[in-house]
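Q: Pasting a predicted model and its sequence here:
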Amino acid sequence: MEPIKDRDLLESYNEDALGYRGNPEGLFRPSLAKEVVEIVSWAFKEGKCLTPTALRSSTTGSCVAERGFLISSERMDKIVDIDEKNKIAIVEPGVNLGELKNILKEEGIFFPPDPTSEQECTVGGCVATNASGARTLKYGPFRNWVLGIEVVLPNGKKIFLDRKVSEKNCAGFFGFQNPIDFFIGSEGTLGFISLIELKGINFPHQFNAMFIPFKDEKDALNFCVKIREEKIDVRCLEYFDKECISLLKKGRDDFNMGEYCVVFLEYEFTEEDDKLEFWLDFLEKNGALVDDIMFADSDKKKNELKDFRHFIPSTLNEISGKYVKFGGGKISTDWAVFYEKLPESIDFFRKLCRDNGLNEVYCFGHVGNGHPHFNIITKDENEKKVALNVVDLICDYVCELGGTITAEHGIGKVKKRYLKFYYDPISFSWMANFKKFLDPRLIFSPGNIFDFD
């Protein structure tokens, strides 16, 4: 299969969602797994690099090629089988996640993962990055819903890995007992995922959603900690600071709420117990401004709240694009801590920003998991350097607390500088050596996670 080398077409594949750019030599767009085997075998023999890509919704540069060739899964978009009884779907990697979820819904199957970009991303991309979303609090990340994957390894060999599901297992080293997990979240560095087996569940009982306003950040975050401490069953628990709400008010005429901090919450219920009385009482006791709550109990209202939630990151991406040409743009954090440590971690980061003159800062995200996203808008190259140094400091801080530098976006090419805070040198060398064992010619996704040059 010959690569495409038309420069105009390559240019259209040469940027991720945040404007990170590469330098591809060519593009492959296979339609069949056997074509992938042919391409990978050629690349291995010739020592040519391959970077898997598709709809390019990444925000870490993982889907663009520093060098070599792109190999896109977009034409491998077949739903191979849906087993309604066992609630299993077998799909090719280029299937759009949002479309798949709608099709599964028609079959009575609920597929929980809900990354913000679900309408603009593929299933293969979600597996490769172990994507998450607002409902990860209850249902976990994409990894939890993958039963098996077919992978074309860097030497061109095709293998299938399925998940072992016994409750107890002492067969060898933990991790190697389920080698499928090495590939989920590997960001295209270990091979090309050519087929995916997913599991769904029965649709849960009904759910309602709320935008819950608070006077200040401290009250909002303490409310979220309280929900976790008391083990109250919610499937989504997210936060938007006053700056995010101001952005929403300016951009959406249909959003009518005061200048508050807001918690976005979804809870499931049965017809016998709609839980409304419980929530009204709980909210009032925990500092919520009950009279100003936006409550959604219809599909139309639920979708409206979801649109409001998604408006914030998409708008920040647009704002970021205005400053990229000046060497600035959006610096987005993805760190996470144990939920009890969240309020103090956010206070620490805000102080860092103030002390370093960073004034355009927005905080939103998955605080139920101790996982906020801070978005710093930098106007130029100098301001960007300051912001990156500040993020270094918070990554060091959260790792000291037992947290992580990235909870859902991955490392890609953008966040390698933070790996030193999470991994000790020996542990990182183990991972790098595993990469070299599977990919001895280092042809897959150069620049993602590792720098071997």
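A: Thanks, I have it. Since we're looking at a predicted model, the values are computed, not measured.
Q: rest of the way, CA atoms for contacts and neighbours
A: OK.
Q: what's the burial count for the residue nearest to residue 89 when sequence neighbours are not counted?
A: If the residues on either side of it in the chain are set aside, residue 89 comes closest to residue 82, at 4.4 Å by C-alpha to C-alpha, 6 or more residues apart in numbering. Applying other C-alpha atoms under 10 Å, we find 19 residues neighbouring residue 82.
Q: okay but residue 82 is in contact with residue 101, surely?
A: No: applying C-alpha atoms under 8 Å, one finds residue 82 not in contact with residue 101, separated by 11.8 Å.
Q: Could you report the pLDDT at the residue of the chain positioned farthest from its centre?
A: The C-alpha centroid of the chain is most remote from residue 272, which lies 35.1 Å away (C-alpha atoms, centre = their mean). As predicted, residue 272 sits at a pLDDT of 81.
Q: Excluding covalently adjacent residues, which one is nearest to residue 6?
A: Distance criterion C-alpha to C-alpha, 6+ apart; nearest residue to residue 6, sequence neighbours excluded, is residue 26 at 7.9 Å.
Q: Could you report the distance from the residue nearest to residue 89 to residue 201?
A: Per C-alpha to C-alpha, to the nearest Å, residue 82 is found 13 Å from residue 201.
Q: just to revisit the earlier point, hmm, the residue nearest to residue 6 is touching residue 70, no?
A: Yes: contact criterion C-alpha under 8 Å: residue 26 and residue 70 qualify, at 6.4 Å.
Q: More neighbours: those two, which one.
A: The neighbour comparison of residue 26 against residue 70 (other C-alpha under 10 Å) goes to residue 70, with 30 against 20.
Q: tell me the SS of that one?
A: strand (DSSP: H, G, I helix; E, B strand; the rest coil).
Q: Tell me what it is bridged to.
A: Listed by DSSP bridges, the beta-bridge partners for residue 70 are residue 27, residue 51.
Q: give the contact list for it.
A: 24, 26, 27, 28, 50, 51, 52, 53, 64 (C-alpha atoms under 8 Å, 6 or more residues apart in numbering).
Q: Grab the nearest non-local neighbour of residue 367.
A: residue 238 (5.4 Å).
Q: can you pull the contacts of that neighbour?
A: Shown in contact with residue 238 (C-alpha under 8 Å, 6+ apart): 134, 263, 264, 265, 364, 365, 366, 367, 368.
Q: let's see it at 7 Å
A: Residues near residue 238 by C-alpha atoms under 7 Å, 6 or more residues apart in numbering: 263, 264, 265, 365, 366, 367, 368.
Q: give me the number of residues near the residue nearest to the third one when sequence neighbours are not counted?
A: The spatially closest residue to residue 265, leaving aside those adjacent along the chain, is residue 237, at 4.8 Å (C-alpha to C-alpha, 6+ apart). Using other C-alpha under 10 Å as the criterion, residue 237 is surrounded by 24 other residues.
Q: Doesn't residue 237 lie inside a strand?
A: Yes: assessed with three-state DSSP, residue 237 lies in a strand.
Q: now it: how far from residue 160?
A: From residue 237 to residue 160 the distance is 36 Å (C-alpha to C-alpha).
Q: Same question for residue 6.
A: Distance of residue 6 to residue 160, given as C-alpha to C-alpha: 34 Å.
Q: And for residue 40?
A: 16 Å.
Q: More neighbours: these two, which one.
A: Remark: of residue 40 and residue 160, residue 40 carries more neighbours, 26 against 14, as counted by other C-alpha under 10 Å.
Q: quick one: contacts for the residue nearest to that one when sequence neighbours are not counted?
A: Using C-alpha to C-alpha, 6+ apart and skipping residues adjacent in sequence, the residue nearest residue 40 is residue 156, 5.2 Å away. Neighbouring residues of residue 156 by C-alpha under 7 Å, 6+ apart: 37, 40, 41.
Q: Quick check: residue 75 touching residue 31?
A: Yes: in this structure, residue 75 is within contact of residue 31 by C-alpha atoms under 7 Å, at 5.0 Å.
Q: Do I have it right that residue 128 meets residue 185?
A: Yes: using C-alpha under 7 Å, residue 128 is in contact with residue 185, at 4.6 Å.
Q: what about the two, which has more around it?
A: Neighbour comparison, residue 128 and residue 185: the larger count goes to residue 128, with 27 against 21 (by other C-alpha under 10 Å).
Q: which residues are in contact with stretch 216-226?
A: Contacts to stretch 216-226, defined as C-alpha under 7 Å, 6+ apart, come from residues 214, 241, 260, 261, 263, 286, 287, 339, 340, 343, 368.
Q: Report the separation between the second one and residue 367.
A: Translated: residue 241. According to C-alpha to C-alpha, residue 241 stands 11 Å off from residue 367.
Q: how close does residue 144 get to residue 111?
A: 11 Å.
Q: the more surrounded of the two?
A: residue 111 (24 against 14).
Q: how deep is the residue lying closest to the more buried one once chain neighbours are set aside tucked in, by neighbour count?
A: Among residues not flanking residue 111 along the chain, residue 200 sits closest, at 4.8 Å (C-alpha to C-alpha, 6+ apart). Residue 200 sits with 21 neighbouring residues when counted by other C-alpha under 10 Å.
Q: Quick check: residue 200 touching residue 109?
A: Yes: with contact defined as C-alpha under 7 Å, residue 200 and residue 109 form a contacting pair (5.8 Å).
Q: which neighbours do those two share?
A: Any residue near both residue 200 and residue 109 by C-alpha under 7 Å, 6+ apart counts here, and that gives residue 87.
Q: quick one: low-confidence ranges for this structure?
A: Nowhere does the chain drop to pLDDT under 70.
Q: just so I have it, where are all the helices in it?
A: Taking DSSP state H, the helices of the chain run over residues 7-12, 33-46, 97-106, 123-129, 136-139, 180-183, 217-229, 242-251, 276-285, 299-324, 342-355, 381-400, 419-422, 425-438.
Q: Domains in the protein, by residue range?
A: 7-74, 84-199, 207-318, 325-434 (automatic domain parsing).
Q: for the ones you listed, which one sits closest to residue 447?
A: Comparing those by their distance to residue 447 (C-alpha to C-alpha), the top pick is domain 325-434, with 5.6 Å.
Q: Can you give me the first-to-last residue distance of that closest one?
A: 38 Å.
Q: do stretch 194-211 as well
A: End-to-end span of stretch 194-211 (C-alpha to C-alpha): 40 Å.
Q: which parts of it are buried?
A: Neighbour counts over stretch 194-211 (16 or more other C-alpha atoms under 10 Å) mark 194, 195, 196, 197, 198, 199, 200, 207, 208, 209, 210, 211 as buried.
Q: Relative to residue 112, how far out is the fifth one?
A: Looking back up the chat, that one is residue 198. In terms of C-alpha to C-alpha, residue 198 sits 11 Å off from residue 112.
Q: can you list contacts of stretch 163-170?
A: Residues outside stretch 163-170 that contact it (C-alpha under 7 Å, 6+ apart): 147, 148, 178, 180.
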